[in-house]
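*Asks:* Have a look at this prediction, sequence included:
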Amino acid sequence: MKNPFITSTTTLGPLKLRDLTAQDCISMAALESAGFSNLETIIAMIWLASQPTEDVEQTIGDGTAEALIRAFVRVFPFRLLEDAGAWVTAQKSAQADAQVTIISKDNDTDSKAPKN
């Protein structure tokens, strides 16, 4: 299925990067136990964004994502790191801007607040 929310891509060397999705954030959380360094994490995010979302979800589910990312890290050209870092920074900024904090009404101590 084509993702209707992916409307633009960024070119990084030979790769076309889509914007990161909520599933990609879930995938990165699932990969935390892999113990990637900061550099490997940046390159892992590039790998995630260069793959179809369905493929990323499949590789996370079947346990092959870590090995695929480590293979990608081994061949990732150092000359692309500055642009990769800038792209990741922009994606993380978009993620931070989209975060929402939900406050439970049960913990509300303001007696002037209207009741539901």
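*Replies:* Ah, there it is. Numbering: from 1, shown residues only.
*Asks:* show me what contacts the closest residue to residue 85 other than its chain neighbours?
*Replies:* Leaving aside its chain neighbours, residue 85 sits nearest to residue 42 (6.0 Å; criterion: C-beta to C-beta, 6 or more residues apart in numbering). (Each C-beta comes from the backbone N, C-alpha and C, glycine too.) Residues near residue 42 by C-beta atoms under 8 Å, 6 or more residues apart in numbering: 81, 84-85, 88.
*Asks:* Checking my notes, residue 42 in a helix, right?
*Replies:* Yes: judged by DSSP: H, G, I helix; E, B strand; the rest coil, residue 42 forms part of a helix.
*Asks:* which residues of this structure fall in helices?
*Replies:* Ranges of helices within the chain are 22-30, 38-50, 53-62, 65-75, 81-98, based on DSSP state H.
*Asks:* Tabulate the ones you listed (TSV), appending mean pLDDT.
*Replies:* Below are the helices of the chain laid out as TSV (pLDDT from 0 to 100):
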stretch	mean pLDDT
helix 22-30	86
helix 38-50	93
helix 53-62	92
helix 65-75	96
helix 81-98	83
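*Asks:* Out of the contacts of residue 42, who's the most crowded?
*Replies:* For the contacts of residue 42, neighbours were counted using other C-beta atoms under 10 Å, and residue 84 has the most, 22 neighbours in all.
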